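[1] when you get a sec, could you give me coordinates for this:
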Amino acid sequence: MAVPLTNVTGSSFGQLFRISTFGESHGGAVGVVLDGCPPRLKLDLEAIQFDLDRRRPGQSRLVTQRNEDDRVEILSGLFEGQTLGTSIAMLVHNLDARPGAYEDMKDLFRPSHADFTTEAKYGVRNWQGGGRASARETIGRVAAAAVARQLLAKTCGIEVLAWVSSVRDIEAKVDAATVTLDDVEADPTRCPDTTATVAMTEAIEAARADGNSLGGTVTCVARHVPAGLGEPVFDKLDADLAKAMMSLPATKGFEIGSGFAGTLMTGREHNDAFVPGADGPTTETNRSGGVQGGISNGATIEFKVAFKPTATISSEQSTVDRDNKPVTLAAKGRHDPCVLPRAVPMVEAMALLVLADHWLRQQATDVL
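    Sure thing, here's the model as predicted:
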């Protein structure tokens with residue numbers, strides 16, 4: 001048997017504001033251990049639960065009907081409503097797990113899932129659902145990020161907000177400068193464009209009825225980010241945001257600012273000209289997406305994340321089993337016909353974790 005050279009499992013993220021998540025989709029519980037949160041931060045526990053409620057299954061007819069309350073238990077690191085500066089452990093029990101629903105698929109490799117690759121890496125896998133590759137793992141990220149949200153709001157006023165900007169070829173028209181949380185939460189699609197929501201809902205429901213699924217994009221903004229966050233050269237702010245977003249299940253693309261559209265511009269068209277601002281230099285445009293040279297420039301950070309169609313569909317698909325023999329699979333069980341509505345709080349979570357980590361790192365830099 002090969003002896004591991006390291007204990008690193010890829011389940012931790014961040015440097016100063018650091019999380020380690022644990023648990024499987026159909027195990028007893030999932031959760032997170034958060035290290036590095038400063039002491040004496042008063043935590044609003046209802047606000048933590050609010051973010052988890054936005055992520056949970058069964059919240060509308062557009063998402064998986066797994067029935068989970070996702071009530072969070074804080075096991076350590078909190079006393080009389082304040083953080084102690086020690087590890088914060090948070091736990092959510094799996095109450096509606098149905099591992100037996102996957103019995104018929106335990107020897108099959110589901111198309112575009114992590115079944116084959118996980119087994120290729122470890123030689124063993126938990127076939128009950130997606131295991132660690134399941135979106136249920138993100139509960140720990142969202143819970144920890146709810147703490148980061150409160151830390152950033154109280155220390156430097158950073159606000160992070162995401163929304164569904166497209167489902168397949170249905171594009172929303174949203175003013176990123178004025179969109180609010182109430183706008184996003186007004187519809188189960190989590191798209192603030194009331195015209196696009198109708199078409200998105202119809203498309204998602206049609207895909208479910210057809211045994212199929214849809215993908216799309218989530219746009220995210222981080223407002224009031226101070227200039228100076230980011231650690232060149234390998235820990236650039238936009239590089240860390242890209243890694244964070246691409247660590248989410250079902251992600252397939254990331255772009256910040258002008259993104260790929262910037263390749264069609266000239267330098268004169270693309271450059272963000274500096275002008276005097278009330279609190280220092282500011283830019284007339286924001287094609288950089290709030291980050292230049294890997295460091296925040298004080299403008300709103302704006303980026304977009306692409307999500308593939310949900311891999312689990314009820315239509316018949318060709319695949320192979322563990323013996324490399326061809327078989328046909330029509331997946332059963334509960335799944336999201338489109339991950340986008342529940343991906344919104346996940347995208348916010350990863351942005352908050354990155355920004356909290358870099359904000360703390362900047363405090364260590366500003367010592368003189």
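[2] what are the buried residues along stretch 292-307?
    Buried residues in stretch 292-307, defined by neighbour count with 16 or more other Cβ atoms under 10 Å: 292, 294-307. Bear in mind the C-beta positions are built from the backbone N, C-alpha and C, glycine included.
[3] pick out the most distant pair among those.
    Maximum pairwise distance among the buried residues of stretch 292-307 (Cβ to Cβ): 29.4 Å, between 298 and 307.
[4] regarding stretch 18-27, how distant is the last residue from the first?
    24 Å (Cα to Cα, to the nearest Å).
[5] show me how far it is from its chain's centre.
    The chain centre lies 14 Å from the centre of stretch 18-27; the measure is Cα atoms, centre = their mean, to the nearest Å.
[6] same question for stretch 256-268.
    If you compare the mean C-alpha spot of stretch 256-268 with that of the full chain, they lie 25 Å apart, counting by Cα atoms, centre = their mean.
[7] can you give me the end-to-end span of that stretch?
    Distance between the two ends of stretch 256-268: 19 Å, counting by Cα to Cα.
[8] buried ones in it?
    Applying a neighbour-count criterion of 16+ other Cβ under 10 Å, one finds 256-258 buried in stretch 256-268.
[9] run through the neighbouring helices and strands of the longest helix anywhere in the chain.
    Scanning the chain for the helix with the most residues, using DSSP state H, yields helix 340-365. In this structure, helix 340-365 packs against helix 45-55, helix 138-155, strand 159-167, strand 216-223, helix 237-246, strand 301-307, with contacts taken as 3 or more Cβ pairs under 8 Å, 6 or more residues apart in numbering; DSSP states H and E.
[10] quick check: buried residues in the next helix or strand after the fifth one?
    With elements assigned by DSSP states H and E, the helix or strand that comes after helix 237-246 is strand 251-256. Of the residues in strand 251-256, those buried under the neighbour-count criterion (16+ other Cβ under 10 Å) are 251, 254-256.
[11] and strand 251-256, how far out from the chain middle?
    On the basis of Cα atoms, centre = their mean, the separation between the geometric centre of strand 251-256 and that of its chain is 12 Å.
[12] ok so, going back, need the buried residues of stretch 256-268 in JSON lines (columns: distance to residue 136 and pLDDT).
    Below are those laid out as JSON lines (distance: Cβ to Cβ, whole Å; pLDDT from 0 to 100):
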{"residue": "256", "distance to residue 136": "28", "pLDDT": "98"}
{"residue": "257", "distance to residue 136": "32", "pLDDT": "98"}
{"residue": "258", "distance to residue 136": "34", "pLDDT": "98"}
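[13] and the pLDDT for residue 60?
    On the pLDDT scale, residue 60 is placed at 70.
[14] what number of residues are in the vicinity of it?
    Burial measure for residue 60: 14 neighbouring residues, criterion other Cβ atoms under 10 Å.
[15] from residue 42, how far out is it?
    Separation of residue 60 from residue 42 (Cβ to Cβ, to the nearest Å): 32 Å.
[16] residue ranges of the helices in the stretch 51-200 of the chain, please?
    In the stretch 51-200 of the chain, the segments counted as helices under DSSP state H, counting those that start in this stretch are 115-122, 138-155, 181-185, 194-209.
[17] any buried residues in the first one, and which?
    When burial is assessed from 16+ other Cβ under 10 Å, helix 115-122 yields the following buried residues: 115-116, 118.
[18] show me what it is in contact with.
    108-109, 125, 127, 131-133, 322 (Cβ atoms under 8 Å, 6 or more residues apart in numbering).
[19] if we go to 10 Å?
    Contacts with helix 115-122, where a contact means Cβ atoms under 10 Å, 6 or more residues apart in numbering, come from 105-110, 114, 124-127, 130-133, 311, 319-320, 322.
[20] give me the buried entries from the residues you listed.
    When neighbours are counted using 16+ other Cβ under 10 Å, the contacts of helix 115-122 contain these buried positions: 105, 108-110, 114, 125-127, 130-133, 311, 319.
[21] of all pairs in those, which one spans the longest distance?
    Using Cβ to Cβ, these reach their maximum pairwise distance at 132 and 319, which is 20.8 Å.
[22] from the buried residues of strand 251-256, pick the one nearest residue 205.
    Proximity to residue 205 was ranked across these by Cβ to Cβ; first place goes to residue 251, at 23.8 Å.
[23] doesn't residue 218 make contact with that closest one?
    Yes. Using Cβ atoms under 10 Å, residue 251 is in contact with residue 218, at 9.3 Å.
[24] which neighbours do those two have in common?
    With Cβ under 10 Å, 6+ apart, residue 251 and residue 218 have common neighbours 245, 305-307, 339, 343, 346-347.
[25] ok, residue 327 - contacts?
    In this structure, residue 327 makes contact with 105, 107-109, 317-321, judged by Cβ under 10 Å, 6+ apart.
[26] from those residues, pick the one nearest residue 234.
    The closest of these, once distances to residue 234 are taken by Cβ to Cβ, is residue 109, at 34.7 Å.
[27] just the pLDDT for that closest one.
    With respect to pLDDT, residue 109 has a value of 92.
[28] kindly report the same for residue 17.
    Confidence per residue is given as pLDDT, and for residue 17 that number is 98.
[29] isn't it right up against residue 83?
    No. In this structure, residue 17 is not within contact of residue 83 by Cβ under 10 Å, at 11.9 Å.
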